[in-house]
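Participant: Here is the input, now give the coordinates:
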Amino acid sequence: MTRVSLGRRFVALALDWLMSYAIVLALSGGLGGSSSNREFSVLALFFTEVLVLSALQGASAGHRMVGIRIVRFSDKGAITPKQALIRTVLLCLVVTAITYDDDGRGIHERLSNTVLIRR
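Facilitator: Numbering: from 1, shown residues only. Below you'll find the model as predicted:
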């Protein structure tokens, strides 16, 4: 198993967040438009995008762009929707995503029994 670098993880996360931000910005009238609840809307869209694409394809849009995917830690098989949900909820809590073990897995990956690998 090839360990995914923190840089690759960060770029994938940033791409997903920026795509969500751009969509919300476009739908809310741009920078001059109403900014009330914009932050929550970005988080909600980010959560939805990561959850749906991870559950269905094993990778968010950002993951695909940088050439990584999510698999089960135990047997490297496709993740279940339940694993995708656990991983995404914990990812959105941020602190679980920036705390890593010796295997390079964040808390969100350990609790969902998943791991990121190179495609």
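Participant: can you pull the contacts of the residue positioned nearest the centre of the chain?
Facilitator: Closest to where the C-alpha atoms of the chain average out (Cα atoms, centre = their mean) is residue 50, at 5.0 Å. Each residue near residue 50 by Cβ atoms under 8 Å, 6 or more residues apart in numbering is listed here: 16, 60, 88, 91. Using the backbone N, CA and C atoms, a C-beta is placed for each residue, glycine as well.
Participant: Need the worst-confidence member of these.
Facilitator: The member of the contacts of residue 50 with the lowest pLDDT is residue 91, at 90.
Participant: And the residue nearest to the centre of the chain, how far from residue 19?
Facilitator: 11 Å (Cβ to Cβ, to the nearest Å).
Participant: ditto for residue 8
Facilitator: From residue 8 to residue 19 the distance is 17 Å (Cβ to Cβ).
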